[in-house]
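A.B. asks: A structural model of the following input is requested.
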Amino acid sequence: MSEISRADVEHLATLAHIAMTDAELEKMAGELDVIVDSVKKVSEAAGADVPATSHPLPLTNVFREDVVGHVFTAEQALSNAPDAEESRFKVPAILDEE
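C.D. replies: Numbering: from 1, shown residues only. Predicted coordinates:
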């Protein structure tokens, strides 16, 4: 047991400005104790001879290669635009500039 006491939980609750009843403090002390013990068990399993991993399965790129295809000219891109100015799409202003 990691021996997380009711007083420890009460102190943490005070620091976090969390109001807890006596029953909640007792229950939380037991739950935190179990969590800390579980973390200790996992820490024991990972020794110096176990390499660190970022993911349990090897990751591979499943996307296709990025190949440049047909590229529109500015005139082609703007050919069906409702309004254009200086080779750019012209849209109505949505912000007032006062």
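
A.B. asks: how close does residue 70 sit to residue 89?
C.D. replies: 20 Å (CB to CB, to the nearest Å). All C-beta spots, glycine's among them, are computed from the backbone N, C-alpha and C.

A.B. asks: Settle it for me: which of the two has more neighbours?
C.D. replies: Between residue 70 and residue 89, counting by other CB atoms under 10 Å, residue 89 is the more crowded of the two (11 against 5).

A.B. asks: Could I get the contacting residues of that one?
C.D. replies: Residue 89 is in contact with 78, 81, 83, counting by CB atoms under 8 Å, 6 or more residues apart in numbering.

A.B. asks: beta partners of it?
C.D. replies: Beta-bridge partners recorded for residue 89 (DSSP bridges): residue 84.

A.B. asks: where's residue 28 relative to residue 19, distance?
C.D. replies: Separation of residue 28 from residue 19 (CB to CB) stands at 13 Å.

A.B. asks: Point out where this protein drops to low pLDDT.
C.D. replies: 1-2, 98 (pLDDT under 70).

A.B. asks: Helices of that one, start to end?
C.D. replies: Remark: helices assigned in the chain by DSSP state H are 6-15, 22-45, 74-78.

A.B. asks: Of those, give the one that comes closest to residue 56.
C.D. replies: With respect to residue 56, and counting by CB to CB, the nearest of the helices of the chain is helix 22-45 at 13.9 Å.

A.B. asks: Touching that closest one from outside, list them.
C.D. replies: By CB under 8 Å, 6+ apart, helix 22-45 touches 1, 2, 3, 4, 5, 6, 8, 9, 10, 13, 20.

A.B. asks: Let's see that helix as CSV, backbone CA atoms only.
C.D. replies: Provided in CSV are the C-alpha atoms of helix 22-45 (Å, rounded to 0.1, in the frame of the first residue of the first chain):
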residue,chain,number,x,y,z
ASP,A,22,-15.8,12.8,5.5
ALA,A,23,-17.2,9.8,3.5
GLU,A,24,-15.9,11.2,0.2
LEU,A,25,-12.4,11.8,1.8
GLU,A,26,-12.2,8.2,3.0
LYS,A,27,-13.4,6.8,-0.3
MET,A,28,-11.0,9.0,-2.3
ALA,A,29,-8.0,8.0,-0.1
GLY,A,30,-8.7,4.4,-0.9
GLU,A,31,-9.1,5.0,-4.6
LEU,A,32,-5.9,7.1,-4.8
ASP,A,33,-4.1,4.4,-2.9
VAL,A,34,-5.1,1.8,-5.5
ILE,A,35,-4.1,4.1,-8.4
VAL,A,36,-0.6,4.8,-6.9
ASP,A,37,0.0,1.1,-6.3
SER,A,38,-1.0,0.3,-9.9
VAL,A,39,1.4,2.9,-11.2
LYS,A,40,4.2,1.4,-9.0
LYS,A,41,3.5,-2.1,-10.5
VAL,A,42,3.7,-0.7,-14.0
SER,A,43,6.9,1.1,-13.2
GLU,A,44,8.5,-2.1,-11.9
ALA,A,45,7.8,-3.9,-15.2
